[in-house]
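In: Provide a 3D model corresponding to the input given below.
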Amino acid sequence: MRVVRHLEESLWQEFIHHNPRANIFHTPELFHVFAHTRGYHPTLWAIVGDGEQVLALLLPVQVTVLDGFLRHFTTRAVVYGSVLCAPGPGGTQALDLLLQTYNRAIERRVLLTELRNLSDLSDPQPILEHNGFVFEEHSDFIIDLDQAEETLWGKISKSARQRVRSARNKGMVIEAATSRQHLISAYRLLQDVYTRARVPLANPTLFEAAFDILGPRGMFKIFLARLDGRLIGARFLLMFKGSILDWYAGVDRNFSSYSPSELLVWHALQWGREQGFHRFQFGGAGPLGREYGVRDFKAKFGGQLVNFGRNVCTHAPARLKVSRAGFQLLRKFL
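Out: Below you'll find the model as predicted:
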């Protein structure tokens, strides 16, 4: 086994095609999207064995909020789809070697590396913990789309069904984004949401690259909610191997009482089922045991609550402490 920093795309595609835990964040296509995003620097680490067979894959994206001297205090590595290894002891051994090599090489270049798990990684957890990747609870909801529409509708809470009906009765319509101007308008909704939450939002180049690279391949879609022609809501979806991931969402606060969020989610579920997708996964519902309005909203749609969690390895503890203190101070002025 040996560590490589580049993979032939054919070998890469074959590995994720046959791995049941592979998700869209493991694809070369999304790697290219991140490569076109300002402030993002994707990297590839893999283990290959005999015959160039891929045994383990790690795709950390170094995300920088501020450049210059402050780059050292604002750069973290996010592995959006978490790690991926071949089934069996050979894959586990390869993952252990990969994480050891990565930790030695990365040293203190980033504050931390965060693995965002989108599936159950109970089996490799001992390897992750052994290499300094500490498990943290993080919940999510998964909705089975392999059921009748009436069943899906019946599992949604009564209040959510009422809000969907109300949105339709008020004349709200859902349409798919088809142009760059649609994308720009939807991004403005995200900006408003993230500004109110006082957290940084990815540069628009992320969504432009997704539109250009993933869109033509059927891996990216934006649904727009309009009322009397006015855009009041948007939902950004990623699609891969029969699964839809709810990526980003934004709503015009002045029209939140019109329930664009509920109608957008229900439309996405209907569309996904009609298109032959098997499951719809929300993009996270926060740590369990804490009040979180986003989790309450997502719970209304009848999905299975899961706790795949996240694994975090801290590389520069002192800088991270300063960074977190600085971020909390900065939020007061945003």
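
In: Okay, helices next: where are they in the stretch 101-250 of the chain?
Out: 125-130, 149-155, 158-169, 180-197, 204-209 (DSSP state H, counting those that start in this stretch).

In: quick one, which of those helices is nearest to residue 277?
Out: helix 149-155 (12.2 Å; Cβ to Cβ). Glycine gets a C-beta too; all of them are placed from N, C-alpha and C.

In: Now the closest one: average pLDDT?
Out: Averaged over helix 149-155, pLDDT sits at 97.

In: Please name the residues that touch residue 99.
Out: 58, 83, 127, 128, 131, 133 (Cβ atoms under 8 Å, 6 or more residues apart in numbering).

In: quick one: average pLDDT of stretch 17-36?
Out: 97.

In: Let me see the confidence value for residue 314.
Out: 94.

In: Low-confidence bits of the stretch 1-150 of the chain, can you list those?
Out: Applying pLDDT under 70 to the stretch 1-150 of the chain picks out residues 66-72.

In: ah, wrong one, I meant the stretch 151-300 of the chain
Out: Judged by pLDDT under 70, no stretch of the stretch 151-300 of the chain qualifies at all.

In: residue ranges of the strands in it, please?
Out: 173-176, 220-227, 230-240, 243-251, 279-281 (DSSP state E, counting those that start in this stretch).

In: how much space is there between residue 294 and residue 197?
Out: 10 Å (Cβ to Cβ, to the nearest Å).

In: Correction: the previous question concerned residue 182.
Out: 23 Å.

In: Please say which of these two ends up with more neighbours.
Out: Applying other Cβ atoms under 10 Å to residue 182 and residue 197 shows that residue 182 carries more neighbours, namely 17 against 11.

In: who touches the more buried one in this structure?
Out: Contacts for residue 182 (Cβ under 8 Å, 6+ apart) come out as 222, 224.

In: and the closest residue to residue 308 other than its chain neighbours, how many residues sit next to it?
Out: Spatial nearest neighbour of residue 308, excluding adjacent residues (Cβ to Cβ, 6 or more residues apart in numbering): residue 117 at 4.1 Å. Each residue near residue 117 was counted by other Cβ under 10 Å, and the total is 26.

In: do residue 258 as well
Out: 21.

In: Residue 226 is in contact with that one, correct?
Out: No - the pair residue 258 / residue 226 is not scored as a contact, 10.8 Å apart, by Cβ atoms under 8 Å.

In: Find residues that contact each of these two.
Out: 172, 232.

In: Verify the assumption that residue 25 is located in a helix.
Out: Yes - assessed with DSSP: H, G, I helix; E, B strand; the rest coil, residue 25 lies in a helix.
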